[in-house]
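1. coords please:
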Amino acid sequence: MHNKAIFLGIQYRMPHVIGEFISRHVYDRRLQTQHSITSRSACRFVDVLNGKEEKSGKSWVNRKEAGIVVNICRIYEKQSKAFRVITPYDAQRSLIEKELESAKLKWENKCFNVDSFQGNEDEHIIISLVRSEGVGFLKNNRRTNVMLTRCKKSMVICTSRSFITKKAASSLMGKLAATVGPVAWVGVEAFR
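-> I've put the predicted structure just below:
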C-alpha cells in the first residue's frame, strides 16, 4: 500500500476567475484551469448594508443577509438555474431554509453548511458569510477553500463589503474580493 498523495494538476469544475485564484493562493500556482467560462463575472459579491451578525446558541446568524440570499434564490428559481446555498454557520443554514420555505421557494436540499457540502457541487453557488464583526470561520483557509470551490458556472458571495475589505482583508475571502476588484460588487438587481 502506498502512502504517497497524488496531486491532480488540472481542474475542470470552476470558472477561470475562481480556479486561477485558488491555484495562486492555495496550491502555489500548481493547479491549472480548463473551463469554458472565462468571464470575471462568474464571481460576484453582494454588499449587505446594515447586516449584523448575531449569536444564535453556539452559532451565528445574519438576518439581513439571509433575506438577500432568499431574494437571489427567488430570482434563480424563476430563471430555472440549478443552485445551492452554502454558509459556514448551521444557525444561518436553518434560518435560510425557514425563509425559503416561508417564501414558498424550494428549500429542501438547497442550503448546506460548508462541512456538509464538502465533495458536492452545483452550477451556481450562493454563499452567505454571516459575520460582520468577527473573522471567525474565515480564519480557516482549508474550510474557506472548500466553500469557494463548489461552483461550476458562478458564485455569489453575500457579505458586508466594509467587513471583507477591512477586518477580513487578509483572509482567503478578503484576498478574493481584492482580486476580483470593485467591479465584482453588485446589487441584487444584477441577477434579474
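
2. By residue count, what's the longest strand in the protein?
-> Ranked by residue count and defined by DSSP state E, the top strand of the chain is strand 151-159.

3. give me the element the residue positioned nearest the centre of the chain is part of.
-> Centroid-nearest residue in the chain, with Cα atoms, centre = their mean: Ile127, separated by 3.1 Å. Element membership of Ile127, judged by DSSP states H and E, is strand 122-128.

4. who touches that strand?
-> Contacting residues not belonging to strand 122-128 are listed as 62, 65-66, 69, 72-73, 76, 81-87, 92, 96, 147, 150-159 [Cβ atoms under 8 Å, 6 or more residues apart in numbering]. To be clear about C-beta, it is placed using only N, CA and C from the backbone, and glycine gets the same treatment.

5. Now with 7 Å, please.
-> Strand 122-128 is contacted by residues 65-66, 69, 72-73, 76, 81-87, 92, 96, 147, 150-158 when judged by Cβ atoms under 7 Å, 6 or more residues apart in numbering.

6. roughly how far is it from the heart of the chain?
-> On the basis of Cα atoms, centre = their mean, to the nearest Å, strand 122-128 sits 6 Å off its chain's mean C-alpha point.

7. just the CA coordinates of it, formatted as PDB?
-> C-alpha atoms of strand 122-128 as PDB (Å, rounded to 0.1, in the frame of the first residue of the first chain):
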ATOM      1  CA  ASP A 122     -23.700  22.800  -8.300                       C
ATOM      2  CA  GLU A 123     -23.900  25.100 -11.300                       C
ATOM      3  CA  HIS A 124     -24.500  28.200  -9.200                       C
ATOM      4  CA  ILE A 125     -23.400  28.700  -5.600                       C
ATOM      5  CA  ILE A 126     -24.700  31.400  -3.300                       C
ATOM      6  CA  ILE A 127     -22.600  31.900  -0.200                       C
ATOM      7  CA  SER A 128     -23.800  33.600   3.000                       C
END
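
8. those helices in this structure, which residues are they?
-> With DSSP state H as the criterion, the chain has helices at 16-25, 63-78, 90-102, 114-117, 141-148, 161-165, 172-180.

9. Figure out which of the ones you listed is closest to Gly187.
-> In terms of Cβ to Cβ, the element of the helices of the chain nearest to Gly187 is helix 63-78, at 9.5 Å.
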